[in-house]
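Colleague: kindly return the folded structure for what I paste below:
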Amino acid sequence: MTRFEHINPPTIPAPFSRYSQGVVVKSPDRWLHISGQVGIPLGGALPDSFEEQARNAWRNVFGLLEAAGMSPANLIKVTVYLTRASDVGQYRTVRDSMLGQVNTASTLVVVAGLADPRWLIEIEAVAVD
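Modeller: Here you go, the predicted structure:
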């Protein structure tokens, strides 16, 4: 019996290469490991603005949570990669508006770049149910 399930819901963009958007681990608890989500919406058009990319990345995380039967309240760890330090303040504003009262363990890293130079943010997460 497989103890994990790959999640690639049709409500968010398909993986860009050979990986799963999320993996649920079946044990006494269900663990969902969410691959890095970028600011591309389901339609595929990457917005220019950091704010919209950040909102789309969070929407993609939420889509994976929903596909696994979870909600933002199930998040236990989030790691966020930004390509510009100047976006940290705006990221925090978007994060707070998207997560509301959810307080998860969190790491924020500013990196030199992501897999596509147009991507300004990537969010990976772990949730448990």
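Colleague: pLDDT (mean, whole number) over stretch 62-69?
Modeller: Averaging pLDDT along stretch 62-69 gives 97.
Colleague: now what about that stretch, what contacts it?
Modeller: Stretch 62-69 has contacts (C-beta atoms under 8 Å, 6 or more residues apart in numbering) with 7, 9, 11-12, 21-22, 24, 30, 32, 34, 37, 71-72, 74-75, 98, 127, 129. Heads up, the C-betas are built off the backbone N, CA and C, glycines and all.
Colleague: if we go to 6 Å?
Modeller: Stretch 62-69 is contacted from outside by 7, 9, 11-12, 21-22, 24, 32, 34, 71, 127, using C-beta atoms under 6 Å, 6 or more residues apart in numbering.
Colleague: now swap in stretch 90-101 and tell me
Modeller: Residues from elsewhere that reach stretch 90-101 (C-beta under 6 Å, 6+ apart): 50, 54-55, 58, 72.
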